[in-house]
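1. here is a sequence together with a model predicted from it:
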Amino acid sequence: MSAVDHGSALLPAEESPPPAARPPLPARRRLPQRLRAAATRLAMTTLAGLMLAAIVHIVTILLIPALSQRDAAHAYRLLGAEGHAELVPLAASPGGMPVLQEADPNEVTAVCGYDLSAGPVRVVARTGTLPLGLTLHRQGGGVIYAITDRAAIRGVLEFLILTEAQYDERVANDEEGETSRELRVVSDSARGLIVARVLAKRPSDRGDAEALAASVRCGPVE
Amino acid sequence: MRILDLAYILGLGAGLGLVSAHWAVAGRPAVGKVEVGSWMAWPGSGSRDVDPYMRAYLARGVHLPLGAGEGLQLIAARSDDGAPLDGRCRYRISGSVPTTRGWTLEVTDAAGRPFRLPLERASFTDAEVVRSEDGALAIMAAAPPQAGNWLPLPPEGRFQFRLRLYDTPVSGQTGETRATNLPQITRVDCR
């Protein structure tokens, strides 16, 4: 009984400071409370939406390279089936291959698609007087290897592209105690492009540059 | 009300997520950009560990970026005074170019395509440029014909300069390159 008395005695004492605003208090309090609840709810749902947006953003960015069918790896996949790199078209032609974007007009580009599921691929390039660069572009983005003709030995650039498993097998098959001199590049994707670029510094060099770029050989290891 | 909340969350998440992802990789991403003077470069684009934004940008078109050991592409969309490059102005490109086996300087639109101009000269290579007696570089870029090394510009509108350095030691340390080692782009006057 005394506890109830304390409660009933305390309650009016606490709420007494605004005595004038007492009669309309319940109605007034209901509206701000509902507004506050709605605002809290909106804030929480917006926060959840923003978090979901961040997840969607990251997943989209990561999925674009894997899902894209318009990238260079798909456009030029079939080039180089005859054992040597083939020139990439410079101007768009109806029904033809897509044009390389952001390409240097002074440069000749030849491409050879590789597929390591059939075995390692050997790339052999003879160097000339014009600057030559060879790069390996992995399907899904990333240049896994780049070499220029300054690294050529007796005018020849030669290397092998292998998967991790093929590399291990090749190392296991190496002659005991002998160091292998071949250059081995491990590709973590089975498919990709070998890109040969030759800089034609003068318009008259273009013929030589095209011949040099297209002479890069790429094919299965015998 | 619960369904309304869920629809709001899903709509906001999917809409904002997809739009922001598209916006982030519609052009060259700001992530991984290195600025030297008025030149911009993305040295990570030609490496094995290319960042996800650059990878997504490159995968959305037929791109074959220069390898990190092969060369470096620098893009300028502004002159040295900070103003956007405009076809109505004349620009002088002078100074030095880092050690390379060859370089080319091209005038392109924002997507990297050359303009279709009456005179077929979209670019200069290091072998084509005529130098003065002291070996200094001076290229004039303008729509009307100029004396010396003239690089024609479109009559009006925005454009970009693209400087490609082949087989250069700069590509591995682009961030440490000083602006004085790259060509300066000076706006001479405007129509």
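-> Thanks, I have the structure now. Numbers count the residues shown, from 1 in each chain, chains lettered A, B, ... in the order given.

2. residues contacting A:Leu132?
-> A:125, A:148-149, A:157, A:196-198, A:212-213 (Cβ atoms under 8 Å, 6 or more residues apart in numbering or on different chains). To be clear about C-beta, it is placed using only N, CA and C from the backbone, and glycine gets the same treatment.

3. so which of those residues is the closest to chain B?
-> A:Thr148 (4.9 Å; Cβ to the nearest Cβ).

4. isn't that closest one up against B:Thr100?
-> No: using Cβ atoms under 8 Å, A:Thr148 is not in contact with B:Thr100; the gap is 11.1 Å.

5. so what's in contact with these two at the same time?
-> By Cβ under 8 Å, 6+ apart, the residues touching both A:Thr148 and B:Thr100 are B:Asp167.

6. which SS class is the residue nearest the centre of chain A?
-> By Cα atoms, centre = their mean, chain A has its centre lying nearest to A:Gly141, at 3.9 Å. Secondary structure state of A:Gly141, per DSSP: H, G, I helix; E, B strand; the rest coil, is coil.

7. quick check: closest non-adjacent residue to it.
-> B:Arg55 (3.6 Å; Cβ to Cβ, 6 or more residues apart in numbering or on different chains).

8. for the one you found, grab the count of nearby residues.
-> Neighbour count of B:Arg55, defined by other Cβ atoms under 10 Å in any protein chain shown: 26.

9. would you mind giving the secondary structure of it?
-> helix.

10. over to the one 3 residues further on?
-> Going by three-state DSSP, the secondary structure assigned to B:Leu58 is helix.

11. sorry, back to before: wait, doesn't the residue nearest to the centre of chain A sit right on A:Pro65?
-> Yes: here A:Gly141 reaches A:Pro65: they are 4.5 Å apart, a contact under Cβ under 8 Å.

12. which neighbours do these two share?
-> With Cβ under 8 Å, 6+ apart as the test, A:Gly141 and A:Pro65 both reach A:71, B:55-56, B:58-59.

13. is chain A contacted by the helix of greatest length in chain B?
-> Longest helix of chain B, by residue count under DSSP state H: helix B:2-25. Yes: using Cβ under 8 Å from any Cβ of the partner chain, helix B:2-25 reaches chain A at B:5, B:8-18, B:20-22, B:24-25.

14. just the buried residues of these.
-> B:9, B:12-13, B:16-17, B:20-21, B:24-25 (16 or more other Cβ atoms under 10 Å in any protein chain shown).

15. show me what secondary structure element comes after the lowest-mean-pLDDT helix or strand in chain B.
-> Lowest mean confidence among the helices and strands of chain B (mean pLDDT, DSSP states H and E): strand B:34-36, at a mean of 88. Downstream of strand B:34-36, the next assigned helix or strand under DSSP states H and E is strand B:39-41.

16. need the contact list for the spatially most central residue of chain B.
-> For chain B, the residue nearest the mean C-alpha position is B:Ile75 (1.6 Å; Cα atoms, centre = their mean). For B:Ile75, the contact set (Cβ under 8 Å, 6+ apart) comprises B:28, B:39-41, B:160-163.
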